[in-house]
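# can't give you the sequence, but here's the structure:
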């Protein structure tokens, strides 16, 4: 829910409630005051009749007045205190019934008790109440319309710096050299928010930069000791007196160095991709490139007796960095071969929207949520260094491709989709 | 023939020196920028192995100095910075080759051998070892005048052996030389065994002595 909508809703409820409450109270108050007024008039009538009786010892003659009725009725004894009541009576000249305020009191003239009834029409009061209700509702409506317009225009304008900042934050990417541009504003809250955000982002950017530099430097620094160890082994094996057992140990050390070296290169590569060091792109004929790769991996495919089939659209050209394309395909093919079973199969599909490489494997579906993470090993094959898929995903993402995994028909499918096609 | 190793890591420098030393080679070492500048001004070397990051200066400045004084020394850059830009820059400045750390010494041996071959035997296109003759431009080999029918891989392997003769070469170094760095075939040397087996068979069939010896499953040695 938008802040506006929320605010409007609360505002609307509050306004309507206040107006309804005040309308109702006003209605009752006014009604009370008006009826009180009518009652006063009725008391004056009573007083006049009583004054007349004490002066002339008889009841005054009834003069019919509009909106007022008076009547006498002889009764046996005193009916008690006077009483007011609101009743519906038929008006003389009109057919329909109207509300009247009625006063009943008792008077004794010449030893005879009379019940006197004086009624006054409440029509005028009723009209007034109706207009009050109408005015209340018109006011509510007006206020609602005005507050809606105010919210639309003024609030939007007031919040504009907030939305600008939000848009700026959305465009922001950690590690990209782009500066954060917050609009200048005189509103203190927004200035504070912008300053806080700028500070946090700058700090995050610095930390990120530091981390990247650290990774890159650490990887570079590792190269030299690795080179020394490897060179020592290369020299060591020149010794003609090396025993067979010693040779086995040396081979173990060689393999470990090889892995360490690959690991280091993988980390360096990831850092380089993150640092955006593969900027220049060329148009690559994908199927042609894949044919080259297949040739390069031919031997390994043959040794494992893997059945390779390709379905390729020859006209597909992609725009990307040549080195990255090479890295992605190398890793895809290496994986498809390495994690394959002898006599298994590899299918390559290239079309306008995607590149798909699938391979058979004895294992079940892999956990996609962890698959593309660094060092997320499947636990069954020891050979990998755990960076291949992370490199594929990162290199692909950098080049505008999305990497997906699926497990279908006992095959692992790795699918690259160009972002604007998805 | 003299080779100068400009590398501040003495242990690495020593290894390179030990590995390259042979009857036909003399290795000298320089551990700093100033030491290197002094040596190149005093002597001529057939090949200089040059590290880029040195105490006291950049290896690239040494390279520029060499080119400025019209020295014909072959230069092989060894650097921990394995980036395409560094490589291109080094080669543009006049280096003959570029090798990223951590490298295999046999790879370095083969590269140095190739540089020396170009520098010393500039006009000569054949390598002759024992009964074997390799024609570099044609990428062919022959035994006693009879051409060998070698695949591209087998020829590369043979050339690599000749650049490292009388030395034990590890399987890993050979695999990386033949298939490059990109292909992750760690721990699987089946392809290598197949190629060596085939090469050996072809050499023997052509009447060439068995120069290639297996060393305890660690690697191979090509000795004449």
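Thanks, I have the structure now. All values derive from a computational prediction rather than experimental measurement.

# could you pull out the helices for the stretch 251-400 of chain A?
A:286-303, A:322-338, A:368-371, A:388-398 (DSSP state H, counting those that start in this stretch).

# how about the ones you listed in CSV, adding mean pLDDT and distance to chain B?
Using the backbone N, CA and C atoms, a C-beta is placed for each residue, glycine as well. Putting the helices of the stretch 251-400 of chain A into CSV (pLDDT from 0 to 100; distance: least, Cβ to the nearest Cβ, whole Å) gives the following:
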stretch, mean pLDDT, distance to chain B
helix A:286-303, 88, 5
helix A:322-338, 89, 4
helix A:368-371, 78, 17
helix A:388-398, 90, 7
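
# Columns mean neighbour count on top of those helices, output as JSON lines?
Formatted as JSON lines, the helices of the stretch 251-400 of chain A follow (neighbours: other Cβ atoms under 10 Å in any protein chain shown):
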{"stretch": "helix A:286-303", "mean neighbour count": "16"}
{"stretch": "helix A:322-338", "mean neighbour count": "21"}
{"stretch": "helix A:368-371", "mean neighbour count": "12"}
{"stretch": "helix A:388-398", "mean neighbour count": "22"}
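
# out of those, which comes closest to residue A:183?
Comparing the helices of the stretch 251-400 of chain A by their distance to residue A:183 (Cβ to Cβ), the top pick is helix A:388-398, with 30.5 Å.

# Run the angle between that closest one and helix A:322-338 for me.
150 degrees (axes from the mean of the first three to the mean of the last three Cα atoms, to 10 degrees).

# Tell me how chain A divides into domains.
Following automatic domain parsing, one finds the domains of chain A at A:3-138, A:188-274, A:282-421.

# right, and those domains - which one's nearest residue B:40?
domain A:188-274 (22.8 Å).

# Give me the distance from the closest one to the chain's centre.
On the basis of Cα atoms, centre = their mean, to the nearest Å, domain A:188-274 sits 40 Å off its chain's mean C-alpha point.

# Likewise for stretch A:108-116?
Computed by Cα atoms, centre = their mean, the chain-centroid distance of stretch A:108-116 equals 83 Å.

# Check stretch A:303-314 too.
Using Cα atoms, centre = their mean, the distance between the centre of stretch A:303-314 and that of its chain works out at 46 Å.

# so which of the domains of chain A gets nearest residue B:101?
Across those, residue B:101 has its closest neighbour in domain A:188-274 (4.1 Å, Cβ to Cβ).

# near chain B, anything from the closest one?
Yes. Domain A:188-274 reaches chain B (Cβ under 8 Å from any Cβ of the partner chain) through A:220-221, A:223-224, A:226-235, A:237-238, A:242, A:244, A:247-248, A:250-251, A:254-255, A:257-259, A:261-262, A:265, A:268, A:272.

# quick one: residue B:42 from chain A, how far?
27 Å (Cβ to the nearest Cβ, to the nearest Å).

# what's the burial count for that residue?
By other Cβ atoms under 10 Å in any protein chain shown, 7 other residues sit near residue B:42.

# what's the answer for residue B:205, then?
Other residues lying near residue B:205 total 11 when counted by other Cβ under 10 Å.

# Can you check the pLDDT for it?
Predicted confidence (pLDDT) for residue B:205: 91.

# now for the lowest-mean-pLDDT helix or strand in chain B, which elements pack on it?
Within chain B, no helix or strand scores below helix B:84-93, which has a mean of 82 by mean pLDDT, DSSP states H and E. Applying 3 or more Cβ pairs under 8 Å, 6 or more residues apart in numbering or on different chains; DSSP states H and E, one finds that helix B:84-93 contacts helix B:59-68, strand B:74-79, strand B:97-100.

# Let me know which of those is tucked in deepest.
Ranked by mean neighbour count, these are led by strand B:74-79 with a mean of 24 (mean count of other Cβ atoms under 10 Å in any protein chain shown).

# partners of it, with directions?
strand B:47-51 (parallel), strand B:97-100 (parallel) (DSSP bridges).

# Give me the angle between that strand and helix B:59-68.
Going by the same axes, to 10 degrees, strand B:74-79 is angled at 170 degrees with respect to helix B:59-68.

# I'd like to know the average pLDDT value across strand B:74-79.
Mean pLDDT, computed over strand B:74-79, is 92.

# circling back: what comes up buried for the least confident helix or strand of chain B?
B:86-87, B:89-90 (16 or more other Cβ atoms under 10 Å in any protein chain shown).

# List the contacts of that helix.
Residues from elsewhere that reach helix B:84-93 (Cβ atoms under 8 Å, 6 or more residues apart in numbering or on different chains): A:323, B:52, B:60, B:63-64, B:67, B:77, B:79, B:97-98, B:100.

# can you tell me which two in those residues are farthest apart?
A:323 and B:67 (28.2 Å).

# picking that back up, closest to residue A:161 out of the domains of chain A?
domain A:188-274 (4.4 Å).

# State the helix or strand in which residue A:101 lies.
strand A:97-109 (DSSP states H and E).

# whoops, I mixed them up, residue B:154
Secondary structure from DSSP H and E places residue B:154 in helix B:152-163.

# tell me the mean pLDDT for whichever helix or strand comes after that helix?
Where DSSP H and E defines the elements, the next helix or strand beyond helix B:152-163 is strand B:168-170. Per-residue pLDDT over strand B:168-170 has a mean of 92.

# who does strand B:168-170 pair up with?
Counting by DSSP bridges, strand B:168-170 is paired with strand B:219-222 (antiparallel).

# what distance separates the partner strand from the middle of the whole chain?
Centre-to-centre, strand B:219-222 and its host chain are 15 Å apart (Cα atoms, centre = their mean).

# Now do that strand: everything it contacts.
A:237, B:161-162, B:164-171, B:173-174, B:196, B:211-215.

# Type out the ChimeraX command that picks the buried ones from those.
Of the contacts of strand B:219-222, the buried ones can be selected in ChimeraX as follows, counting by 16+ other Cβ under 10 Å:
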select /A:237 /B:161,162,164,165,167,168,169,170,171,173,174,196,211,212,215
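
# By mean pLDDT, flag the weakest helix or strand of chain A.
helix A:368-371 (a mean of 78).

# And residue A:111, how far from residue A:50?
To residue A:50, residue A:111 is 16 Å away according to Cβ to Cβ, to the nearest Å.

# longest helix of chain A?
Scanning chain A for the helix with the most residues, using DSSP state H, yields helix A:3-56.

# State the mean pLDDT of that helix.
Over the span of helix A:3-56, the pLDDT mean works out to 86.

# ok, residue A:111 and residue A:50, which is more surrounded?
Set residue A:111 next to residue A:50 and count neighbours by other Cβ under 10 Å: residue A:50 wins out with 15 against 5.

# From chain B, how far out is the more buried one?
Going from residue A:50 to chain B by Cβ to the nearest Cβ gives 119 Å.

# Also residue A:361?
16 Å.

# residues touching that residue, list them.
Shown in contact with residue A:361 (Cβ under 8 Å, 6+ apart): A:339-341, A:344, A:410-412.

# again with residue A:346
Listed by Cβ under 8 Å, 6+ apart, the contact set of residue A:346 reads A:301, A:306-309, A:336-337, A:340, A:357-360.
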